[in-house]
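1. Quick one, structure for this:
(chains A and B)
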Amino acid sequence: GNSVTQMEGPVTLSEEAFLTINCTYTATGYPSLFWYVQYPGEGLQLLLKATKADDKGSNKGFEATYRKETTSFHLEKGSVQVSDSAVYFCALSENTGGFKTIFGAGTRLFVKA
Amino acid sequence: ETGVTQTPRHLVMGMTNKKSLKCEQHLGHNAMYWYKQSAKKPLELMFVYSLEERVENNSVPSRFSPECPNSSHLFLHLHTLQPEDSALYLCASSQKGPSTDTQYFGPGTRLTVL
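-> Predicted coordinates for the structure are as follows:
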């Protein structure tokens, strides 16, 4: 079945450090890939997405590239801020008209000033 | 503000109580979802409604009963819950239902079952 695996947290970084959160997936067909972010006390919100191979999603300085050959969708940011502290979820959904989105377990990021 | 509201934000209930969670979306979407988020576990999809018809029910115990009276409102009725049901319950909506669409989440209801 379909699945998403992301690196375990927590990840602790100093402000302005480079961030990578790894995400790999298994899926039949050609899924769409997402990164969602959950700030403390809030629900999830979409950070970025990519719908086909080699697409790059980007938002708020975060980027992720859909790599079909390595079945990966790693999240990166060049310089993190304290306000980026949150839980990040990688997710996929198949383009088959179904309703299920598969979420990874989430990676908690702490950014220290 | 994502356009999806949930009430109450916090709920404490005993195992014999009956309560309901409410979700409302102001985005004109036609699919709505209930998820359960427990500590150290992946997000669990519970129910999906598309055009007010239930299209997904992931082996959820019958003590959870969803209701979707129209495309803007979704309820989760709770009765005789167990302590292990304590979790954050998230509602979400999307535009067309097909899973390629972005889901918009509410802030969640933090449920504690005593």
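2. Any stretches of chain A with poor pLDDT?
-> A:95-99 (pLDDT under 70).
3. And the helices in chain B?
-> For chain B, no helices are identified by DSSP state H.
4. For it, which residue occupies the most central location?
-> In chain B, the residue lying closest to the centroid (CA atoms, centre = their mean) is B:W34, at 2.9 Å.
5. which ones are touching that one?
-> Going by CB atoms under 8 Å, 6 or more residues apart in numbering or on different chains, B:W34 touches B:23, B:45-47, B:66, B:74, B:76, B:89-91. C-beta here means a position set from N, CA and C on the backbone, and glycine is covered the same way.
6. what do you get if the cut-off is 7 Å, keeping everything else the same?
-> Neighbouring residues of B:W34 by CB atoms under 7 Å, 6 or more residues apart in numbering or on different chains: B:46-47, B:66, B:74, B:76, B:89, B:91.
7. now B:N57
-> B:N57 neighbours (CB under 7 Å, 6+ apart): B:F47.
8. Test my guess that B:V113 contacts B:P83.
-> Yes - applying CB atoms under 7 Å, one finds B:V113 in contact with B:P83, separated by 5.1 Å.
9. in chain B, what spans have low per-residue confidence?
-> Across chain B (using pLDDT under 70), the flagged ranges come out as B:1, B:96-100.
10. And for residue 14, the neighbour number?
-> Chain wasn't specified; assuming chain A. When neighbours are defined as other CB atoms under 10 Å in any protein chain shown, A:S14 has 10 of them.
11. should've been chain B
-> 10.
12. Report the separation between it and B:S65.
-> Distance, B:G14 to B:S65, using CB to CB, to the nearest Å: 18 Å.
13. ditto for B:K19
-> When B:K19 is compared with B:S65 (using CB to CB), they lie 11 Å apart.
14. Check B:N17 too.
-> B:N17 is 14 Å from B:S65, by CB to CB.
15. do B:H10 as well
-> From B:H10 to B:S65 the distance is 21 Å (CB to CB).
16. Look at these two and report which has more neighbours.
-> Neighbours around B:H10 and B:S65, counted as other CB under 10 Å, are more numerous at B:S65. The numbers are 15 against 9.
17. Quick check: bridge partners of that one?
-> Per DSSP bridges, the residues bridged to B:S65 are B:H77.
18. close enough to count as contact, it and B:T80?
-> No - counting by CB under 7 Å, B:S65 does not reach B:T80; the two are 11.1 Å apart.
19. ok, how many other residues are close to the residue nearest to A:G43 when sequence neighbours are not counted?
-> Nearest residue to A:G43, sequence neighbours excluded (CB to CB, 6 or more residues apart in numbering or on different chains): B:F105, at 3.4 Å. B:F105: 24 surrounding residues under other CB under 10 Å.
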